[in-house]
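Student: okay, sequence plus prediction incoming.
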Amino acid sequence: LTLLTQIQNHVKDAMRAGDRLKLSTLRMLVAAIKQKEIDTRTELPDDDVISIIEKQMQQRLEAAEQYEAAGRNELFEKESQEAEILKTYLPEKMSEDDVIAMIERIISDMGEVSMKEMGNIMAALKNEAGSKIDMKLASQMVREIISKQAS
């Protein structure tokens with residue numbers, strides 16, 4: 001069962017249950033996925049669907065922050081709840097310790113590294129861990145590890 005099929009099944013479940021928030025959130029997500037499929041003229045693999053979910057979730061979190069700053073609590077709540085719904089479709093992220101261990105292993109496999117190889121290290125991480133890794137956090141960790149080795 002693909003991730004998109006699971007989401008579409010959950011749309012039907014939310015409709016039957018009368019859960020309006022979940023229904024509207026998942027419908028927007030399915031629409032975003034379908035649009036990407038139309039744009040690329042291909043059926044998206046689960047990894048691409050996960051990246052769309054991550055992007056949608058990030059948009060909700062950013063909107064929630066703005067609503068909170070503006071004192072619009074009802075909209076803040078709605079965006080936060082939508083982000084939580086989307087989060088349920090994302091795979092568990094790797095722990096920091098696991099990420100550090102993976103980075104150190106990749107670096108030791110590469111031998112002597114400098115900041116010039118950061119792109120190669122990040123690519124290797126993405127290939128190995130896929131969507132289970134927070135690339136922003138991993139990028140900071142790689143920088144720290146390389147700078148420690150250089151000194």
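Tutor: The structure has been received and is ready for your questions.
Student: packing partners for the strand or helix carrying residue 16?
Tutor: Using DSSP states H and E, the element containing residue 16 is helix 3-17. With contacts taken as 3 or more C-beta pairs under 8 Å, 6 or more residues apart in numbering; DSSP states H and E, helix 3-17 sits against helix 20-40, helix 46-69. Where you see a C-beta, it was placed from the backbone N, CA and C, and this is true even at glycine.
Student: where among those is average confidence lowest?
Tutor: Among these, helix 46-69 carries the lowest mean pLDDT, at a mean of 93.
Student: pull out the buried residues from the strand or helix carrying residue 129.
Tutor: If you go by DSSP H and E, residue 129 is part of helix 118-129. The neighbour-count check on helix 118-129 (16 or more other C-beta atoms under 10 Å) flags 121-122, 124-125, 129 as buried.
Student: equivalent analysis for stretch 77-95, please.
Tutor: 78-80, 82-83, 85-86, 89, 94.
Student: least confident pick among those residues?
Tutor: Least confident of the buried residues of stretch 77-95 in the model: residue 94, at 83.
Student: ramachandran angles for that residue?
Tutor: Dihedral pair for residue 94: phi -70, psi 150, per degrees, to the nearest 10.
Student: distance of it from residue 101?
Tutor: Residue 94 is 9 Å from residue 101, where distance means C-beta to C-beta, to the nearest Å.
Student: residues contacting the residue nearest to residue 81 when sequence neighbours are not counted?
Tutor: Among residues not flanking residue 81 along the chain, residue 21 sits closest, at 5.9 Å (C-beta to C-beta, 6 or more residues apart in numbering). Residue 21 is in contact with 78, 81-82, 85, counting by C-beta atoms under 8 Å, 6 or more residues apart in numbering.
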